[in-house]
Each structure stands twice: as C-alpha cells, then as structure tokens.
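*Asks:* this one's sequence-less:
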C-alpha cells in the first residue's frame, strides 16, 4: 500500500512534506497525525474536517489544554497499536 502524503505550507512559506499517519477521534471530533519527511521524531497533530467534495481541511488546535488532551489520546492509540503488533493484546 502506498503511503498517503500531504505538503504543509506555513505562514513563512516553508513547505514540509508529511506522511499521513492516520485520522483518529477524540471527544466526537476528528484529528489527523502527520509525520514530516525530515528524519525527525516529530508528529504534527491537527483538527481534521472532511468536506462534501472529498477534500479535507486541517484546523489548528489553538487551545493548549485541548492540544495536550488530543496528543495524549494519540499517544494512547500508538501504545495500544504497538502492544497489538507485539502480540500482547
């Protein structure tokens, strides 16, 4: 299966190619996790909104407490996936 990719463009015109790690839900909202193709361990997390025309939008998570909660949910999902991959589930 091919990796899904997206290019982020920041306000300073910097562009970063990212792999879409996945879309997940937290408190009835969808979020997306992106991994930049820069050999770092970074993960970018944004709000995710699907449009009717099969496109989607990334939404900045501006509330720090919400961002921390969403990041913790993402970490929990990754930990569970790693357990399953190791046969511990």
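*Replies:* All right, it came through fine. No experiment lies behind these values; they were computed from the predicted model shown.
*Asks:* any idea which helix or strand comes after the helix or strand residue 30 falls within?
*Replies:* In the assignment (DSSP states H and E), residue 30 maps to strand 29-36. Tracing the chain C-terminally past strand 29-36 and defining elements by DSSP H and E, one meets strand 44-50 next.
*Asks:* Please state the mean pLDDT value computed over that next one.
*Replies:* Averaged across strand 44-50, the pLDDT comes to 97.
*Asks:* quick one: contacts for the closest residue to residue 17 other than its chain neighbours?
*Replies:* Spatial nearest neighbour of residue 17, excluding adjacent residues (Cβ to Cβ, 6 or more residues apart in numbering): residue 37 at 4.6 Å. Bear in mind the C-beta positions are built from the backbone N, C-alpha and C, glycine included. If a contact means Cβ atoms under 8 Å, 6 or more residues apart in numbering, then residue 37 has 5, 16, 17, 18, 19 as its contacts.
*Asks:* got the contact list for the residue nearest the centre of the chain?
*Replies:* Compute the mean C-alpha point of the chain, and by Cα atoms, centre = their mean the closest residue is residue 33, 0.9 Å away. Counting by Cβ under 8 Å, 6+ apart, residue 33 touches 20, 21, 22, 23, 24, 43, 44, 45, 74.
*Asks:* Where do the strands of this structure begin and end?
*Replies:* Assigned by DSSP state E, the chain shows strands spanning 5-9, 15-26, 29-36, 44-50, 56-59.
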